[in-house]
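1. please find the sequence and the predicted model below.
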Amino acid sequence: MAVTLTEKAATHVQNFLAKRGKGVALRLGVQRIEYFRLLRRLSFRNMRSIVFDQMLPKIANYWPRDHVARLLREAGLEDVRLAWVNQMSWSAIGTKPMERSA
């Protein structure tokens, strides 16, 4: 498996290993958040499907929480609620108001 690093990242890794004093192992990008705990429990096949689904779209939008809430309200939704999912993303829900009879 090959890992490509920017020059800045490579320097950071070299400094980390130099301070460590021995060995060549390095743990990359696995922080202790719920999303990564969830991934550790999945099979390789399941994880491959998740990565494929996330990498497939040609466009992916990453919006802050407040922006998502505003988009839903501007679309006319009421009772807008957002929930933090696995410390990694937002889930948003709103209710479309019933049309009033004339």
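-> Thanks, I have it.
2. just want the most central residue of the protein.
-> What sits nearest the mean C-alpha location of the chain, by CA atoms, centre = their mean, is Met88, with 4.3 Å.
3. past the longest helix along the chain, which element shows up next along the chain?
-> Longest helix in the chain by number of residues (criterion: DSSP state H): helix 7-20. Next along the chain after helix 7-20, taking DSSP states H and E as the criterion, comes helix 34-40.
4. what mean pLDDT does the following helix or strand past that following helix have?
-> Once helix 34-40 ends, the next helix or strand along the chain (criterion: DSSP H and E) is helix 44-55. Helix 44-55 carries an average pLDDT of 80.
5. same deal with stretch 85-99?
-> Mean per-residue pLDDT for stretch 85-99: 85.
6. now the end-to-end length of that stretch.
-> 32 Å (CA to CA, to the nearest Å).
7. would you mind confirming that Gly76 makes contact with Lys96?
-> Yes - between Gly76 and Lys96 a contact is recorded at 7.0 Å, counting by CB atoms under 8 Å. Every C-beta, even on glycine, is put in place using the N, C-alpha and C of the backbone.
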